Structure formats: C-alpha cells, structure tokens
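Enquirer: Sequence and predicted model, in that order:
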Amino acid sequence: MFDSKAMPPSLRMQITVPICICLISILLVNFLIFYSVLHYVEDSVSIRRAEFLQSFALDRYRSGAKGPQVLDHLTTAYDRYESIPKHVTKYFDKNWRGGEDFDDVANGDSVFTVLAKEEIINGERKTLYIVENSTPVTMTLSMKITLTLGVVLSSLLILISFYLIVRRLSENVSRPFNDLARLIDQGSTDDLLPLSEKGLHSQEQLRLVQALNDYRRRIHLSIEREKSFSRYVSHELRTPLSVIMGVAGLLEISNAPAFVEKQRLRLERACRDMTDISETLLSLVREQKASIQASSMIDRPFIEQLVEENKTLLQGKPVAISIDAGEELVLNAPDTMIRILLGNIIKNAFSYTQEGEVSIHLTDSSLEVLDTGPGLKETAGNLEGHGLGLMIVNDICRQNGWSFTLQDRVSGSGCQALLVFSKGHQS
C-alpha cells in the first residue's frame, strides 16, 4: 500500500544512528583524552624523578665536584652545557630552562628526560642539567599497542552494548506506530470505526490513537453529511420537480398567452425554490449557517400556502384542516429553511392522517400540529414519514437552537408535533 522508495528512514534508524554516532564521537574523544593523560602522567613522573635526583647532584657540586656526575645507572648530572652529549643537546639550546621528555628517534626510538635549572654553587650562578635515560622505565611500543588495543576493544564492547540497548529501545518506540499502520492498512477502505485504545503503553500512543479516532469520526461525519444531502435533496425537490413536470404537461394543452405566462411564472418559482432548497440543505448538512441571511415571518397566509402546496396528500381523504394563527412570528432564518421546516411537519401530518382533522396552532414562540393518524408506534421505521422528513426537521432545529418534539397525543389517536423557537433566534 505504501511506496517504500519514497518513504523516509524508519523511526528506529533515526533514533539509533544519531545516538551511535554521538557515542562513537564520545569514545574517540575519551580515548584521546586518556592517551594524552597517560603521556602527561608518564612525563610528570620522569620530571619529578629528575627533580628528586637533582638535590643529590647539587650536594656533590657544592662539595667541590666538577664535570659530569653519574647519579645512578640511568641518570647523569652536568654543570656545563658543552659537557652534555651531542645527541641530547640537539633538542634544546643553551638558554633553554625547564624539564621535558625527548624522543630520540635517531637512536632506536629511545627516550631521555632533561631537567635544566639555575642554582647557586659556591657563590656562582650556574645551570645544572639532569639527563636521564628514560627508555627502560617508559612504556615500550608493544606496551602502548597492548594498551591501545585494550582501550579500543573496551570501547567497541561499550559501543556494541549501547547499540543493542538503543536498538531495543527504538524498536519499542517504533513498534506501536508500525502496529497502528498495520491495523489501519488491514481495514477496508470504508472502515472508519474507532481504533481500540486497549494495549497502549504510553500517553503519546493514547493521544495519537485518540487524534486518529477523532479524525476518522470527522471523516465519517463528513461522508454522512454528503449522504444526508443526497437524501435530503431528493426528498425536498420532489415538489418543485412535480410542478415542473405538471407545467410541461399543461403547456402541451394550451398556448394561450395568459396561460403560458402563468405557467412560466410557476416554472420560475419552482426553479428558484430548487436553488434555495439546494443551498439551504447544503449548508445544513455541512453544519454551517445558511448563506441566505434574512428574516422570515410565519403568519396565517404563510401557513395556508404550505397547506395548499401539500393538499394533494389529502385527496380522497375525509380530513378537515383548521388553522389557529392569531399571532405572527418573525425568525432570523431564511424563508426557504422555514418552508422546509414547517412543510415537512405538515406533510408528515397529512401523509398519516386518513380521516379526522389536522390542527395547526401558531403562537408568538411556538407552532403545534395535531393530527388524528395512527400514532408513532404504527408508523415507526417509515423513511418518508417519521423518518427522513423529520430528520431534516431535527437537523434544522439543532442548527438554529430550536426545540422539536414529536409524540403521541395524550387524548385520542394521532401525534403532536411541537416546535418551540428560542428567543435568541427571533427578530
């Protein structure tokens, strides 16, 4: 499902490689520091030994000794620069003072230590030189190689151990993502059910799954809204489409100018209604406020027009209609939306009333429709009755903060549909 060529490095590699590079750098720096400190300590020991033997040489020269003085089988003292062997003096001049180890590569990779220090000998300031052959007491090449190998092997052991630990930790970090990707990949293309939160071991995993579930929920709602739009449009456009088909049939009967003009106006009104219905329902299913921002007034003529538009549902039925609309109600909502809202309630009452009466009561904050149909239990599950039409009613009320209830009448048969408009949504 995924193109491996286009994929970035795995999370495990992105964690393991930088840490291992950092560790290698630390080990190299640590090795250099160790090697430098080792040589410094070795040189310091030689200088301290030379300083210790210098006191014996000073006593001899103050006692009258002249020339080179052998202090032990490795160390010799000199009171004059010219007395020092040439293979030693080539590394420092007569004015040099201090202590240092010199590697005499020309003489078989030997090492000697020189300490040059001014002293007062019998009232005369002289430079006293202590020269020690340090080759027998310093590390040999084989010892240095052995020590280096030991440090390198220990560093490699640390690196391998650390790599295995980091690799295991990175696998633990990346495993939940791989499992989650595999779980999503195994699902069908239309599977938008929430992912299970069981077996999660960290807050980050839980937040990721919750975010994915929220995203899947929003996708599911978006798909359901588009489906709802299709159902709503097909449901609401039946009336204007019926008008258009009726006008087309009537135009075949007569071509009188007055008659044709009347039918033309009906066609314009039907087309305008279709446009308004589509725009209103589209804004409804997308959970947006309708783009038609206007005020609508519900009064007796408005209700009578809706009744007239849906009277075909009562043809052949002994049903009386009563309208009690002593009040006028003005709402902050498009006229098309109000027509859809009330039209579906009236259409629902007309569809299920076989005989008796449909009563419509309008107050300054509510509208009530009473019918004498079979009631809710007998019509449950019918998509066109208490189903899709009333889904539209519920969605419009929810979006505008209004209240809608549909229940069986307390006295007698039939249903009571009640719309209550909140004061904040009235003009």
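Expert: Right, received. Where do you want to start? Values in this document were obtained by computation on a predicted structure and should not be read as measured data. Numbers count the residues shown, from 1 in each chain.

Enquirer: When you work out contacts or count neighbours from here on, use the C-alpha atoms and nothing else.
Expert: Noted.

Enquirer: mind listing the helices for the protein?
Expert: Along the chain, the stretches classed as helices by DSSP state H are 11-62, 86-89, 141-186, 203-236, 238-253, 257-285, 300-309, 335-352, 376-379, 388-400.

Enquirer: Kindly reformat these as TSV containing distance to L115.
Expert: Output for the helices of the chain, formatted as TSV (distance: least, C-alpha to C-alpha, whole Å):
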stretch	distance to L115
helix 11-62	7
helix 86-89	12
helix 141-186	24
helix 203-236	66
helix 238-253	113
helix 257-285	95
helix 300-309	118
helix 335-352	105
helix 376-379	114
helix 388-400	97
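
Enquirer: Tell me which of those lies nearest to E327.
Expert: Of all the helices of the chain, it is helix 300-309 that lies closest to E327, at 8.4 Å by C-alpha to C-alpha.

Enquirer: For burial, what's the neighbour tally of the closest residue to T138 other than its chain neighbours?
Expert: Among residues not flanking T138 along the chain, E42 sits closest, at 7.2 Å (C-alpha to C-alpha, 6 or more residues apart in numbering). For E42, the tally of surrounding residues (other C-alpha atoms under 10 Å) stands at 15.

Enquirer: what separates E42 from I346, distance-wise?
Expert: 105 Å (C-alpha to C-alpha, to the nearest Å).

Enquirer: Next up, the contacts around Q354.
Expert: The contact partners of Q354, by C-alpha atoms under 8 Å, 6 or more residues apart in numbering, come to 314, 317-319, 372-373.

Enquirer: Which single one of the residues you listed is nearest to S142?
Expert: G373 (109.0 Å).

Enquirer: Per-residue pLDDT of Y78, please?
Expert: The model reports Y78 with a pLDDT of 92.

Enquirer: likewise E82?
Expert: According to the model, E82 scores 90 on pLDDT.

Enquirer: Would you check how far apart L169 and I19 are?
Expert: 12 Å.

Enquirer: Hmm, I typed the wrong one, I wanted F177.
Expert: 21 Å.

Enquirer: And for R269?
Expert: R269 sits 73 Å away from I19, going by C-alpha to C-alpha.

Enquirer: For burial, what's the neighbour tally of I298?
Expert: Count around I298 with other C-alpha under 10 Å applied: 21.

Enquirer: right, and it touches G326 too?
Expert: No. With contacts counted by C-alpha atoms under 8 Å, I298 stays clear of G326, the gap being 10.9 Å.

Enquirer: Quick check, L27 in contact with S155.
Expert: Yes. Contact criterion C-alpha under 8 Å: L27 and S155 qualify, at 6.4 Å.

Enquirer: which intervals of the stretch 101-250 of the chain have sub-threshold pLDDT?
Expert: The stretch 101-250 of the chain contains residues with pLDDT under 70 at 105-109, 186-191, 196-197, 199-202, 225, 228-229, 232, 235.

Enquirer: Quick one: end-to-end length of stretch 352-371, please.
Expert: End residues of stretch 352-371 are separated by 8 Å (C-alpha to C-alpha).

Enquirer: Only the buried residues of that stretch, if you could.
Expert: 352-355, 357-371 (16 or more other C-alpha atoms under 10 Å).

Enquirer: Same question for stretch 240-251.
Expert: Under 16+ other C-alpha under 10 Å, the buried positions of stretch 240-251 are 240-241, 243-244, 247.

Enquirer: how near is N122 to Y61?
Expert: 8 Å.

Enquirer: what does I121 give?
Expert: 7 Å.

Enquirer: Put together a markdown table for the buried residues of stretch 240-251, with distance to K262 on each row.
Expert: Output for the buried residues of stretch 240-251, formatted as a markdown table (distance: C-alpha to C-alpha, whole Å):
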| residue | distance to K262 |
| --- | --- |
| P240 | 16 |
| L241 | 17 |
| V243 | 13 |
| I244 | 13 |
| V247 | 10 |
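
Enquirer: what pLDDT does the most far-flung residue of the chain relative to its centre get?
Expert: Among residues of the chain, the one most distant from the C-alpha centroid is G64; the distance is 88.9 Å, by C-alpha atoms, centre = their mean. pLDDT recorded at G64 is 85.

Enquirer: Now do the same contact list for it.
Expert: Applying C-alpha under 8 Å, 6+ apart, no residues contact G64.

Enquirer: With A50 instead?
Expert: So A50 contacts 113-115, 130-132 (C-alpha under 8 Å, 6+ apart).

Enquirer: and with 10 Å instead?
Expert: A50 makes contacts with 44, 75-77, 99, 113-116, 129-132, as judged by C-alpha atoms under 10 Å, 6 or more residues apart in numbering.

Enquirer: and the gap between D79 and Y91?
Expert: 18 Å.

Enquirer: pretty sure E236 contacts K347?
Expert: No. E236 lies out of contact with K347 (C-alpha atoms under 10 Å); the separation is 11.1 Å.

Enquirer: shared neighbours, these two?
Expert: G389.

Enquirer: and for I121 and Y61, which residues touch both?
Expert: Joint contacts of I121 and Y61 (C-alpha under 10 Å, 6+ apart) are 79, 128.

Enquirer: hmm, back to that, could you list which of the contacts of A50 belong to strands?
Expert: Taking DSSP state E as the definition of strands, the contacts of A50 contribute 75-77, 99, 113-116, 129-132.

Enquirer: Make CSV out of those residues and add distance to L183.
Expert: As requested, the ones in strands among the contacts of A50 are exported to CSV (distance: C-alpha to C-alpha, whole Å):
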residue, distance to L183
T75, 79
T76, 83
A77, 84
G99, 73
T113, 73
V114, 75
L115, 76
A116, 79
Y129, 82
I130, 80
V131, 78
E132, 76
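
Enquirer: Just the closest of the residues you listed to V393, please.
Expert: Distance to V393, by C-alpha to C-alpha, is smallest for G99 among the ones in strands among the contacts of A50, at 100.9 Å.

Enquirer: Pull the number of nearby residues for the closest one.
Expert: The burial count for G99: 21, using other C-alpha under 10 Å.

Enquirer: For stretch 348-359, what is the distance to the chain centroid?
Expert: 54 Å (C-alpha atoms, centre = their mean, to the nearest Å).

Enquirer: and the end-to-end length of it?
Expert: Stretch 348-359 end-to-end distance (C-alpha to C-alpha) = 13 Å.

Enquirer: repeat for stretch 399-408
Expert: End-to-end distance of stretch 399-408 (C-alpha to C-alpha): 25 Å.

Enquirer: In it, which residues are buried?
Expert: Quick answer for stretch 399-408 (16+ other C-alpha under 10 Å): 402-404, 406, 408.
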